[in-house]
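J.: Next input, structure requested:
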Amino acid sequence: MKFSIDRCASTPVAKQLEEGIRQWIQQHAATGGRRLPSIRHLAATHGISRNAVIDAYEQLVALGLVRSQPGSGFYVADNALKLFQPAASTPLEEVTNGLWGVFNADEKTLNLGCGWLPNDWREGEDLTYAIRQVTRKSRAGIFEYSTPQGPQVLRQLIKERLRNLAINASEQQVVTTGGGSHSLDLLVRLLLAPGDVVFVESPGYYNFFGLLHLQRVKVIGVPRLADGPDIERLTDLLKQYRPKLFYTNSVFHNPTGSTLAPAIAHRVLQLADQYDFQIIEDDIYADFQQAPTPRLATLDALDRVFYLGSFSKSLSSSLRVGFIAAPATWVQRLVDIKMLTSISAPHFAEQVITTMLQNGSYRKLTERLRSRLSNQMSIALAQLKQAQWEIFTEPTGGMFIWAKPPATRLETIEATAKKWGVTLSPGHLFLPDHQATPWLRLNVAYMQGPRAKAFIEADSQETN
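T.: Prediction:
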């Protein structure tokens, strides 16, 4: 086993050793069960410490490439070579592979397509105060489970927030969750079985696509237009399929930033009655809207519609609290599933949100965010027009713009982004069939930095 160790390199010696052994296994097609050099031998051969060798071997064991046999030594794992062979991609893997790039972007790169606010936009003072209040006043909030449906006082506060959107729900129809993704997981478990058909918007929310594939559900895309789903196409698809569920973003749709028009909302509900399907109305961006527009849950009075919201987008991605307002007949089953899968939402986070809703700090925080995002949206739209990007629709607020650069070749877009240290959210992630597309989701909160401006302007210049 020959490889070199550079003690002057910035890479730790143990990491170099791990990589050397990994390459040796791959290059020499080492079969399972083949014995590897002892700790003492490797340490002496390379003039390194025994601890470095132990660390390297332990990491290889954790990766499944090596197995340890107490009293005998280390051996190549039986399935080691399979770990080097790329498996055929599945729809679920296509989604998750793309997400790794979005969530694991290097800290030095600008994540221009991400779905959250920048850290320097976050306001920590009121949040810190609420955390101290909970820590001081509620030992139960720190150490105990919450109730399966969620604390009554928080559900009452959520009920009042819904009333401001003209959604009339009792506190008994509200179930708290660990954020929007948890809400969707619960609803998929509640409403769907393998083989069911679900309609989603295209483009739409990639994480939900992956969740449906995980459940072995058939996913059908309905084109999203500037005023909501394409009703003509939706009607045609309903004649071909009988979906159990239709999933939609009503306000500041992800990724297009568009908002559902009242006439389209009425027509969607008429079709739901005619073809007997349920609707998930994902409204996690509601706090970013200046003047409320009609929701499906308002028009439907929570008959077929499951309405979900979240506090995480505006407050903290780490403080996972969301909620579902459900038709009354489904609530108990929803709570049962929540109790079986997670027992409760994070009680401490629920208590923090309750404190901020009660003292008004959450309301004031979202008012400031709405104003700031609205201003950034106006600037970003003007910036893209100047650079001759094609804009799908002009959002009135929120975080997202769906746009296509003048250079429509994907290789050109990716090369320009890499040149300027920009990470993009690949457009194909937002399409149910994952077709290649030059359209990109842009987050306006990140678009005013020098690298973002350089990327947008450079792509325009390179096509002229």
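J.: helix/strand/coil for the nearest residue to Lys313 once chain neighbours are set aside?
T.: For Lys313, the nearest residue in space outside its immediate sequence neighbours is Ile284; the separation is 5.6 Å by CB to CB, 6 or more residues apart in numbering. Any C-beta I mention is one placed from the backbone N, CA and C, and that applies to glycine too. For Ile284, the secondary structure call by DSSP: H, G, I helix; E, B strand; the rest coil comes out as coil.
J.: contacting residues around Ile284?
T.: Neighbour list for Ile284: Gly180, Leu308, Gly309, Ser310, Ser312, Lys313, Gly322 [criterion: CB atoms under 8 Å, 6 or more residues apart in numbering].
J.: domain assignment for this structure?
T.: What automatic domain parsing lists as the domains of the chain is 13-84, 97-121+364-461, 124-360.
J.: Buried deepest among these, which one?
T.: Greatest average neighbour count among these goes to domain 124-360 (a mean of 19), per mean count of other CB atoms under 10 Å.
J.: And that domain, end to end?
T.: By CA to CA, to the nearest Å, the extent of domain 124-360 from end to end equals 15 Å.
J.: Work out the gap between it and the centre of the chain.
T.: The chain centroid and the centroid of domain 124-360 are separated by 14 Å under CA atoms, centre = their mean, to the nearest Å.
J.: ok, now stretch 31-45?
T.: The chain centroid and the centroid of stretch 31-45 are separated by 43 Å, computed with CA atoms, centre = their mean.
J.: Dump that stretch to CSV, keeping only the CA atoms.
T.: Taking C-alpha atoms only, stretch 31-45 is exported to CSV below (Å, rounded to 0.1, in the frame of the first residue of the first chain):
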residue,chain,number,x,y,z
THR,A,31,-12.1,-7.7,-2.5
GLY,A,32,-14.1,-8.0,0.6
GLY,A,33,-12.3,-9.6,3.5
ARG,A,34,-8.8,-8.6,2.4
ARG,A,35,-6.8,-7.6,5.5
LEU,A,36,-5.4,-4.1,5.7
PRO,A,37,-2.1,-3.1,7.3
SER,A,38,-2.0,-2.8,11.0
ILE,A,39,-2.1,0.4,12.9
ARG,A,40,1.5,0.0,14.0
HIS,A,41,2.7,-0.8,10.5
LEU,A,42,1.0,2.2,8.9
ALA,A,43,2.3,4.5,11.6
ALA,A,44,5.8,3.3,11.3
THR,A,45,5.8,3.2,7.5
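J.: Filter the contacts of Ile284 down to the ones in helices?
T.: The subset of these located in helices under the criterion DSSP state H comprises Gly180.
J.: Out of the domains of the chain, which is closest to Met1?
T.: Of all these, the one in closest proximity to Met1, counting by CB to CB, is domain 13-84 (5.4 Å).
J.: would JSON lines of the domains of the chain with mean pLDDT and distance to Asp6 be doable?
T.: Supplementary listing: these in JSON lines, determined by pLDDT from 0 to 100; distance: least, CB to CB, whole Å:
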{"stretch": "domain 13-84", "mean pLDDT": "83", "distance to Asp6": "7"}
{"stretch": "domain 97-121+364-461", "mean pLDDT": "85", "distance to Asp6": "23"}
{"stretch": "domain 124-360", "mean pLDDT": "93", "distance to Asp6": "38"}
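J.: thinking again about what came up before, which of the contacts of Ile284 sits closest to Leu424?
T.: Nearest to Leu424 among the contacts of Ile284: Lys313, at 20.3 Å, using CB to CB.
J.: which residue ends up closest to the midpoint of this protein in space?
T.: Compute the mean C-alpha point of the chain, and by CA atoms, centre = their mean the closest residue is Asn207, 5.7 Å away.
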